[in-house]
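Q: fold the following.
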Amino acid sequence: MSGQHAPNKMGGIAGKINWLWVRKLFWIFFWFNLLFLFIVGYAHGGMELLLDFNAFVTELAFLWLPLFTLEFAILLWQALFGKRKIRRRLRPLYEVADLAEELGGKANAIGTEKFLHLESAISQMEPEQEARLKTGDRDLYAIEQAVNNLLDRTREVYRRQSRFVSDASHELRTPIAVFQGYINMLDRWGKEDETVLDESIQALQAESLHMQRLVEQLLFLARGDTGQTQLNISTFSLDSVMQEVHEESLMIDPSHKYTQKIPDTPIEVSGDVGLLKQVFRILVENAAKYSAAESEIILRVGRNDEGKAYFSVQDKGAGIESSALPHIFDRFYRSDSSRTKTTGGTGLGLSIARWIVEKHGGHFEVQSFEGVGTRITVVL
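A: Predicted coordinates for the structure are as follows:
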């Protein structure tokens, strides 16, 4: 494969794969919507509702409108940006092909005997996860390093992709199971029992909102991984952002006591004010989830001993186990899965916060004691 033609050829293949995936995704959504809306429509109003198109559209607008909007957004995102993601996944394969071509061209330069020695070493590599190429020949050292580095990058991408797909599939399985359970309940008792009907509709609405939030978070991380999220850097007052979050928290969560601690001198920083405010909200939301009602949550802004700006959120909740602390920023990680079922978390909030903070060149400092509480500080 010629190096100058590889990008064009890779782009063409990636475009074809992406288009096939968009078509497949469209038909998956089509048949799912057809079956799902038929079942819900029948349970909601029987055959009369299904035969009256205008009434069907009006009665189920609360369900099909957000569902279609979400699916359209997913299809549009895949059509616009899926090709770039596929190209990134295919690049290691083309690098292997280019390297093989280069090795073939240099076979005479390094000597036929050495080349055969390298070929033999590659063929003897076991297909285990951490297999390394090593010939012991100094002349082949640079080629060994290039092959091993390529293998390391490919393995790391594969591990991350496999873990992400597995976790995402697991998270999406739960709301789909809830949908199916309530649809079955509607089919059995919802036609006659209005209480069951109302309960099922409310549960389906809540679960659809949860799924929408989960998909939005997955899209945010996916765009971040592919470099599509750009920072809008500006200079702003960090304490003003904290005051906004404080006022929002008082309004939407009256069950906790929110206290803010602001320095006498305004803290001016440079960064993406929208994304950093999102980090603040994530930390406040987590503190509220795992704190008892009427407990105090402290929002603080200042500068540390090194003069670096920081903001922190401190709660008096249950705290985090010491064994869980190193993993709280991992995607889909939950230190207490049973507790998460009641709080409705997705396990992605702190992962998003970490991505944003690292893009700003900052870091987290976490202090937590079981039964005492947790304080998470973002140092910029």
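Q: low-confidence regions, the stretch 51-200 of the chain specifically.
A: Counting by pLDDT under 70, the stretch 51-200 of the chain contains low-confidence ranges at 53, 56, 90, 93-94, 96-141, 157-175, 190-191.
Q: how does it look with 50?
A: Residues of the stretch 51-200 of the chain meeting the criterion pLDDT under 50: 107, 127.
Q: and residue 193, how far is that from residue 181?
A: 16 Å (CB to CB, to the nearest Å). Just so you know, the C-beta spots here come from the backbone N, C-alpha and C atoms, and that holds for glycine as well.
Q: now do residue 302
A: Relative to residue 181, and taking CB to CB, residue 302 is found at 49 Å.
Q: look at these two and report which has more neighbours.
A: residue 302 (17 against 13; other CB atoms under 10 Å).
Q: which element, helix or strand, includes the more buried one?
A: If you go by DSSP states H and E, residue 302 is part of strand 296-303.
Q: convert the helix or strand following that strand to PDB, retaining C-alpha atoms only.
A: For strand 296-303, the succeeding helix or strand toward the C-terminus, using DSSP H and E, is strand 309-315. Extracted in PDB, the C-alpha atoms of strand 309-315 (Å, rounded to 0.1, in the frame of the first residue of the first chain):
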ATOM      1  CA  ALA A 309      -7.100  28.900  42.200                       C
ATOM      2  CA  TYR A 310      -9.400  26.200  43.400                       C
ATOM      3  CA  PHE A 311     -13.000  25.400  44.200                       C
ATOM      4  CA  SER A 312     -14.300  22.600  46.400                       C
ATOM      5  CA  VAL A 313     -17.500  20.900  47.500                       C
ATOM      6  CA  GLN A 314     -17.700  19.400  50.900                       C
ATOM      7  CA  ASP A 315     -20.500  17.300  52.400                       C
END
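Q: pull out the buried positions in strand 309-315.
A: Neighbour counts over strand 309-315 (16 or more other CB atoms under 10 Å) mark 309-315 as buried.
Q: stretch 258-269 now?
A: Under 16+ other CB under 10 Å, the buried positions of stretch 258-269 are 258, 260, 262, 267, 269.
Q: dump that stretch to PDB, restricted to CA.
A: Only the C-alpha atoms of stretch 258-269 are listed here, as PDB (Å, rounded to 0.1, in the frame of the first residue of the first chain):
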ATOM      1  CA  TYR A 258     -26.000  25.000  51.100                       C
ATOM      2  CA  THR A 259     -23.300  27.300  52.500                       C
ATOM      3  CA  GLN A 260     -20.800  29.300  50.400                       C
ATOM      4  CA  LYS A 261     -17.400  30.600  51.400                       C
ATOM      5  CA  ILE A 262     -16.000  33.300  49.200                       C
ATOM      6  CA  PRO A 263     -12.700  35.100  49.700                       C
ATOM      7  CA  ASP A 264     -12.500  38.900  50.100                       C
ATOM      8  CA  THR A 265     -10.600  39.200  46.800                       C
ATOM      9  CA  PRO A 266     -12.300  37.900  43.600                       C
ATOM     10  CA  ILE A 267     -10.600  34.900  42.100                       C
ATOM     11  CA  GLU A 268     -10.000  35.500  38.400                       C
ATOM     12  CA  VAL A 269      -9.200  32.500  36.200                       C
END
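Q: sounds good, over and out.
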